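In: Sequence below, structure please.
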Amino acid sequence: MVTAIVTCFILGYLCIALESVLKINKAVPALLMCVVCWTLYACGYAPEVGADTSAKLLHHLGDTCEILFFLMGAMTIVEIVDANGGFFFVKDALATTSKRKLLWRITFMAFILSAILDNLTTSIVMIMVLRKLVDDHDDRMIYGGMIVIAANAGGAFSPIGDVTTIMLWIRGMITTGGVITELFLPSIIAVIVSGLCTQLYLKGSLPTPNRTEDSGSVQNSGDRTLILCLGVGGLIFVPIFRMLTGLAPFMGILLALGILWLVSEYRCNRNALFCKDSNLKVTALLARIDMATILFFLGILMAVATLQETGVLNSFGIWLNDVSNGNHYLVTGVIGVVSSIVDNVPLVAGCMDMYAIAPSGDFGVDGLFWQLLAYCAGVGGSMLIIGSAAGVVVMGLEKISFGWYLRRFTWIAFIGYIAGIATYALETLFMA
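Out: Numbering: from 1, shown residues only. Take a look at the predicted model:
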């Protein structure tokens with residue numbers, strides 16, 4: 001039965017990786033894989049103790065829902081800020097006629113925003129702003145490739161910047177202070193090295209950008225600033241909330257969402273005519289949440305849970321450790337490369353279940369293995385356009401082909417990736 005479960009998982013994985021070829025949303029194979037794997041487990045392992053299997057299923061569902069509720073809350077907050085024009089300041093801050101200056105402004109803006117929001121949301125915001133600044137599609141594809149690298153690197157050093165770091169943070173394998181202090185320098189080095197390579201593609205100047213704002217965004221700049229501060233401030237407050245209360249991070253994100261929703265409702269009640277004719281009501285914005293992505297995470301994380309229950313992950317972890325002679329740089333480095341081929345969420349979920357948190361050492365809280373895993377799984381996904389949620393979004397929005405990115409940006413992302421690992425190794429050596 002273990003063979004059947006593993007076979008089902010691999011087939012589901014292939015369908016997810018070949019989403020663009022099959023023209024089937026990756027949530028579909030993820031959900032089917034989840035149900036089939038758990039059905040095989042229930043029938044093959046303990047059909048006479050179905051209640052015990054249900055209890056295990058609910059246990060894993062509880063862990064998964066912590067991540068899903070966090071993501072849904074964060075996505076809703078970003079939608080509210082965006083609908084109220086809160087991200088117009090990004091466009092104003094980036095405006096320039098120099099192609100190379102614009103590259104670095106976009107790079108660092110994406111890097112910073114990704115640490116606060118997430119790499120998926122940051123990519124969407126940056127591409128939307130980019131379209132207002134650059135008319136030439138060829139140039140936009142180059143900027144888009146750098147946005148993918150910067151957004152993934154920015155999310156790697158923040159506990160709320162990427163789904164994988166959120167997973168590690170929620171499970172207590174990394175802390176807010178630990179991941180920021182240890183991974184900020186490797187992440188920024190990866191971005192700088194990649195940026196230096198990317199600017200070789202850009203020469204000359206851009207036309208003066210049109211800075212006219214979209215009509216109907218908000219009544220005034222004061223409302224826009226208020227919503228922006230509450231939204232971004234609420235996201236930043238989540239780690240502080242967890243530290244003060246000890247509650248799961250999704251409780252902090254729900255608090256931030258509740259406050260922002262309350263203020264938004266008050267504004268709409270104060271100006272009912274304005275909100276009636278617009279999409280500023282939070283109830284309307286909820287329809288814009290990417291539920292397909294949420295369901296994908298549900299399916300893939302629950303499918304990984306069956307591999308944990310059957311002992312496959314533990315056995316694979318022991319084998320991988322033996323083959324590499326305990327070299328965690330090699331293990332996590334390979335995981336990062338693999339994350340550019342398949343989604344990094346199940347990879348990290350698998351590693352979390354393969355290895356237990358130790359009292360100290362490389363597998364301790366904020367240990368070398370967990371921090372390298374956060375960096376490699378996040379930054380490594382930039383090596384292929386389909387290797388991260390940010391890449392898939394940019395690929396769709398700017399119509400970037402797999403082959404174009406492979407020729408132009410895979411080598412750039414790889415050089416930056418290795419530079420970041422080397423920086424972390426030197427950092428660890430000097431701190432020892």
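In: Tell me the spatial nearest neighbour of residue 206, not counting adjacent residues.
Out: Leaving aside its chain neighbours, residue 206 sits nearest to residue 97 (5.1 Å; criterion: C-beta to C-beta, 6 or more residues apart in numbering). Yep, even glycine has a C-beta here, placed from its N, CA and C like the rest.
In: isn't the one you found right next to residue 204, touching?
Out: No - Residue 97 is beyond contact range of residue 204, at 9.5 Å (criterion: C-beta atoms under 8 Å).
In: More neighbours: the two, which one.
Out: The neighbour comparison of residue 97 against residue 204 (other C-beta atoms under 10 Å) goes to residue 97, with 13 against 9.
In: Do you know the pLDDT at that one?
Out: pLDDT recorded at residue 97 is 81.
In: Let me see the backbone angles for it.
Out: phi -100, psi -10 (degrees, to the nearest 10).
In: Distance check, it against residue 250.
Out: 44 Å (C-beta to C-beta, to the nearest Å).
In: for residue 78, same thing?
Out: On the measure of C-beta to C-beta, residue 78 and residue 250 end up 16 Å apart.
In: Point out where the stretch 301-432 of the chain drops to low pLDDT.
Out: Where the stretch 301-432 of the chain drops to pLDDT under 70, the residues are 313-314, 317, 342-344, 346, 432.
In: can you rerun that using 90?
Out: Where the stretch 301-432 of the chain drops to pLDDT under 90, the residues are 301-369, 377-378, 381, 384-407, 428-432.
In: and residue 196, what element?
Out: Assigning secondary structure by DSSP states H and E places residue 196 in helix 176-198.
In: Point out the other helices and strands that that helix packs with.
Out: helix 99-116, helix 137-156, helix 163-170, helix 221-245, helix 368-379, helix 410-431 (3 or more C-beta pairs under 8 Å, 6 or more residues apart in numbering; DSSP states H and E).
In: export those helices to a markdown table and tack on distance to residue 66 and mean neighbour count?
Out: Output for these, formatted as a markdown table (distance: least, C-beta to C-beta, whole Å; neighbours: other C-beta atoms under 10 Å):
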| stretch | distance to residue 66 | mean neighbour count |
| --- | --- | --- |
| helix 99-116 | 20 | 22 |
| helix 137-156 | 18 | 27 |
| helix 163-170 | 6 | 26 |
| helix 221-245 | 12 | 17 |
| helix 368-379 | 18 | 28 |
| helix 410-431 | 28 | 18 |
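In: Present those helices as TSV; the columns should include distance to residue 88.
Out: Formatted as TSV, those follow (distance: least, C-beta to C-beta, whole Å):
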stretch	distance to residue 88
helix 99-116	13
helix 137-156	18
helix 163-170	27
helix 221-245	7
helix 368-379	28
helix 410-431	30
